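Colleague: Have a look at this prediction, sequence included:
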Amino acid sequence: MIDVIIPTYKPGEEFVRVIRGLHNQSVKVNRVIIMNTEEAFFEGVANDLHEYIDEGFIEVHHISKKDFDHGNTRREGIAKSLADIFVMMTMDAVPADDKLIENLVSPLSDETVACSYARQLPKEGDSRREQITREFNYPDKSVLKSSADYDRLGIKTFFCSNVCCAYSRRIYDELGGFVSRAIFNEDMIYAGKAVKQGYKVSYTAEAKVYHSHDYGAIEQFRRNVDLGISQADHPEVFDGFKSETEGVRMVKMVVSRLFRDGKWYEVIPYAWICAWKFMGYRIGKGYKKLPLALVKACSTNPDYLSEV
């Protein structure tokens, strides 16, 4: 039995496409558990989803914005499931075909695999730099990662994405699940814990969703502040691993490909965005030494910092 858990906030037409795609999978999804932030924001899609609600394919649970947490909200959704395998998704991860679930859960037949995450394809109309970034992070070749890959992959050994990721419920319960409080990165924190306990993480390129964001400099800055904070708050996972090394590799690849593809005019805007990303990450990593008001102003989730 397979359940899907999706946190939502102001879902729209794209989310309706996600549900339709999940309903038409070659391997049946038992139900979709939706953890929605603010009931009023769900009304816009309720009519489009009524047939799925009526048949019991989806169930909706509403929470207030102040109660949302990247870790705990997902934990609450998982607690409502009795499935042996659950899939975490975001509301904008559109299944690329009807084999998504079938391919995604296949690696979990190996009892040493804790989770299996999907390939993310760029959406139509994305900039070339975003397309190349997706290719870097989500190539067309699957990889099974374990602690034996530390020297080869570094921090990318722990890379995992709840945009679309299947989990073994047995291993999830054994490891204590996602952290109960997370500003960001709950998926990678869990994957790091799993690998350090001797389990494996599967990147499953055959499982595909359309998911990408052409974020600007300020959006990237704020997201990377949160990324840095998440790493600073979890040294048990991230100490001894450098994100900067992997970041430099990605920048070199993107710039090289932009020149090769004749998109040289995207290089300067991309470099500008990268500078803001790096600055945000460094602020996040060192946030405990900075004025709290400054860090809260930079973060996408100041409420998390109010409770630190």
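Modeller: Received the coordinates, thanks. Numbers count the residues shown, from 1 in each chain.
Colleague: my guess is residue 258 contacts residue 271, does it?
Modeller: No. Residue 258 is beyond contact range of residue 271, at 10.2 Å (criterion: CB atoms under 8 Å). Every residue, glycine included, has its C-beta placed from N, CA and C.
Colleague: Between those two, tell me which one has more neighbours.
Modeller: residue 258 (19 against 12; other CB atoms under 10 Å).
Colleague: and the more buried one, what is it in contact with?
Modeller: Neighbouring residues of residue 258 by CB atoms under 8 Å, 6 or more residues apart in numbering: 128, 129, 132, 264, 266, 267, 270.
Colleague: Do a quick rundown of the strands in the stretch 51-200 of the chain.
Modeller: For the stretch 51-200 of the chain, the strands defined by DSSP state E, counting those that start in this stretch cover 58-63, 85-89, 94-95, 113-121, 143-145, 164-168, 200-210.
Colleague: how about low-confidence regions in the protein?
Modeller: 307-308 (pLDDT under 70).
Colleague: Recalculate using a threshold of 80.
Modeller: Counting by pLDDT under 80, the ranges of the chain that qualify are 242-244, 307-308.
Colleague: Would you mind splitting it into its domains for me?
Modeller: If you go by automatic domain parsing, the domain ranges for the chain are 2-210, 217-306.
Colleague: which one of these has the most crowded surroundings?
Modeller: Looking across the domains of the chain with neighbours counted as mean count of other CB atoms under 10 Å, the highest average goes to domain 2-210: a mean of 19.
Colleague: end to end, how far does that one reach?
Modeller: Distance across domain 2-210, first residue to last, is 21 Å (CA to CA, to the nearest Å).
Colleague: and residue 255, what is it in contact with?
Modeller: 267, 270, 271.
Colleague: Where helices are concerned, which of those residues count?
Modeller: Counting by DSSP state H, the contacts of residue 255 place 267, 270, 271 in helices.
Colleague: mind listing what the first one touches?
Modeller: Residue 267 makes contact with 255, 258, 259 under the criterion CB under 8 Å, 6+ apart.
Colleague: helix or strand for the first one, which one?
Modeller: Right, the one you point to is residue 255. helix 243-260 (DSSP states H and E).
Colleague: Can you give the distance of that helix from its chain's centre?
Modeller: 21 Å (CA atoms, centre = their mean, to the nearest Å).
Colleague: mind exporting that helix as PDB, just the C-alpha atoms?
Modeller: Output of helix 243-260 as PDB, limited to C-alpha atoms (Å, rounded to 0.1, in the frame of the first residue of the first chain):
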ATOM      1  CA  SER A 243      28.400  22.700   0.400                       C
ATOM      2  CA  GLU A 244      30.700  25.300  -1.200                       C
ATOM      3  CA  THR A 245      32.700  22.600  -3.200                       C
ATOM      4  CA  GLU A 246      29.600  21.300  -4.800                       C
ATOM      5  CA  GLY A 247      28.300  24.800  -5.500                       C
ATOM      6  CA  VAL A 248      31.500  25.700  -7.300                       C
ATOM      7  CA  ARG A 249      31.200  22.600  -9.500                       C
ATOM      8  CA  MET A 250      27.700  23.600 -10.500                       C
ATOM      9  CA  VAL A 251      28.600  27.200 -11.300                       C
ATOM     10  CA  LYS A 252      31.500  26.100 -13.500                       C
ATOM     11  CA  MET A 253      29.200  23.600 -15.400                       C
ATOM     12  CA  VAL A 254      26.400  26.100 -15.900                       C
ATOM     13  CA  VAL A 255      28.700  28.900 -17.100                       C
ATOM     14  CA  SER A 256      30.500  26.500 -19.500                       C
ATOM     15  CA  ARG A 257      27.300  25.200 -20.900                       C
ATOM     16  CA  LEU A 258      25.800  28.700 -21.300                       C
ATOM     17  CA  PHE A 259      28.800  29.800 -23.400                       C
ATOM     18  CA  ARG A 260      28.700  26.500 -25.400                       C
END
